[in-house]
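Asks: Sequence first, then the predicted structure, then my questions.
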Amino acid sequence: QLQQQQQQPQPQQLQAATIAAASAADDAQGEREPQDPAPEVVASSEASPLPAPPQQPPPPCLPPGWRAVWNEDHQAHYYWHVPTNHVTWEQPGGAEEEATARRRRAEEERLAAERQAAEARQEAERRAAEARQEAERRAAAEKERQEAERRAAERQAAEQRAAEQRAEEQRRAEEAENIRRRNLVVEAAHITGVDEEKCRVRLAAQGWDLEAAVKMLAAEQDLGRRRQQQQEQAAKVQQQEQCSQLQGDRICTRHWRPLPDVQNAIPLLQGERVQVSWTDGTCGGWAWGHTLEDPSRQGYFPQAILECARRAPRARAAGETCSVFERFEAPQEIGGYLSVAAGDAVQVLHPIDKPYVWAYAKRISAGGEFGQDGSPNLGWLPEAVLCDLDAHPAG
């Protein structure tokens, strides 16, 4: 592990490259004109073969303010905290988890201190009681000693000699038995190829019968191999089923934009509907498909941002009032979108045409975080976050 740490570049060595790459990406994004509800089209011929999928895995979900940057030399992401300009190889966690861990450690230390104090009191009381008992016993023994000392001396000497002889015989017997058992363990490990500790346990369970223990170990090995084969087969079947189930009509659960060095990938917004036509065969890997709103927009995107739609999309008439059941935050790099929170009420301003992906609406009441902070009250939002007033989205 120390060698791996020495081979990896320190996060500070990547800081300049990270800032330059992020600045170039932000400058390129800032030059874009406000776009239509549908992102820019990535032209691709339907007859041409699929290009090779990206070589790196999709970036993980990170707390606000963090960005994942791919390092080709180490084939891994490192993480850049934009507000503090700090970079690290370790994936960042939440502050709430750290605070909870600190409170738990403090509580454990307090409880440990209380237990130690209680144990110390109990130990002091026990020692005091033992001291009193010892004093009483010595007083009684002193009275008897002077009377029985002479008669007991010879008897004690004889008993001592007999006890020493029995202890020596027992020690020799135990030493011989330990050597025999050790030889049985080594022989069982040599026959079966199992580690000695497991052989020792099985021999003890079989009364140190070598033949019975070897049969049990062989049966366990065979059973373990069969179970491993079954588990591998089941995992393979499950993975194939999950990947096959992903193909078809899916909905994007969050905004996603590929890194500049990812080829043939298309950005997606929360609520966009895509038709998946190919996956790389690994759960959580890459998928290929096109948007329902514009089939010519096709490319790669992560499987992790897709899910089955909760309901079928539907048309919305102009003037129709709807309720918002799922939060949608307008993308910062593209204008013209409306941020809404669960509980907001909106009014559709234009009829929604097939495939019913985007609705142009205005907020008429705010029940959440948007609308009261000066954010726009008019713009595009996904039809997938809308439902009828006082209705469950699945209904």
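Replies: Thanks, I have the structure now.
Asks: Let's verify Arg310: helix, strand, or coil?
Replies: With DSSP: H, G, I helix; E, B strand; the rest coil as the basis, Arg310 sits in coil.
Asks: State the number of residues packed around it.
Replies: 13 (other CB atoms under 10 Å). Bear in mind the C-beta positions are built from the backbone N, C-alpha and C, glycine included.
Asks: And the pLDDT for it?
Replies: Turning to Arg310, the model gives it a pLDDT of 82.
Asks: before we move on, what SS does the spatially closest residue to Trp288 that is not a sequence neighbour have?
Replies: Once flanking residues are discounted, Trp288 sits nearest to Trp278: 4.1 Å by CB to CB, 6 or more residues apart in numbering. Using three-state DSSP, the structure places Trp278 in strand.
Asks: ok, for Pro313, nearest residue in space, not its chain neighbours?
Replies: Tyr356 (3.6 Å).
Asks: Show the contacting residues for Gly248.
Replies: Gly248 is in contact with 275-276, counting by CB atoms under 8 Å, 6 or more residues apart in numbering.
Asks: if you set the cut-off to 7 Å instead, what comes out?
Replies: Val276 (CB atoms under 7 Å, 6 or more residues apart in numbering).
Asks: Name the residues linked to it by a beta bridge.
Replies: Gly248 forms beta bridges with Val276, as assigned by DSSP bridges.
Asks: distance of it from Trp278?
Replies: Separation of Gly248 from Trp278 (CB to CB, to the nearest Å): 12 Å.
Asks: and what of Ile364?
Replies: Distance from Ile364 to Trp278, by CB to CB: 42 Å.
Asks: Same question for Ala330.
Replies: 31 Å.
Asks: Name the residue in the two with the higher neighbour count.
Replies: Ala330 (21 against 15).
Asks: if I look at the closest residue in space to that one that isn't next to it in sequence, how far off is Gly379?
Replies: Nearest residue to Ala330, sequence neighbours excluded (CB to CB, 6+ apart): Tyr337, at 3.5 Å. Separation of Tyr337 from Gly379 (CB to CB) stands at 5 Å.
Asks: Beyond the helix or strand containing Gln156, next helix or strand please.
Replies: Remark: Gln156 resides in helix 95-192, with elements defined by DSSP states H and E. Next helix or strand after helix 95-192 toward the C-terminus (DSSP H and E): helix 196-205.
Asks: And the average pLDDT for that following helix is what?
Replies: For helix 196-205, the mean per-residue pLDDT is 90.
Asks: repeat for stretch 137-145
Replies: For stretch 137-145, the per-residue pLDDT averages 88.
Asks: Kindly export it (C-alpha atoms) in CSV.
Replies: The C-alpha coordinates for stretch 137-145 follow below in CSV (Å, rounded to 0.1, in the frame of the first residue of the first chain):
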residue,chain,number,x,y,z
ARG,A,137,-8.2,-17.0,57.8
ARG,A,138,-4.6,-16.2,58.9
ALA,A,139,-5.7,-15.8,62.5
ALA,A,140,-7.4,-19.1,62.5
ALA,A,141,-4.6,-20.9,60.7
GLU,A,142,-2.1,-19.5,63.2
LYS,A,143,-3.9,-21.1,66.0
GLU,A,144,-4.0,-24.5,64.3
ARG,A,145,-0.5,-24.3,62.9
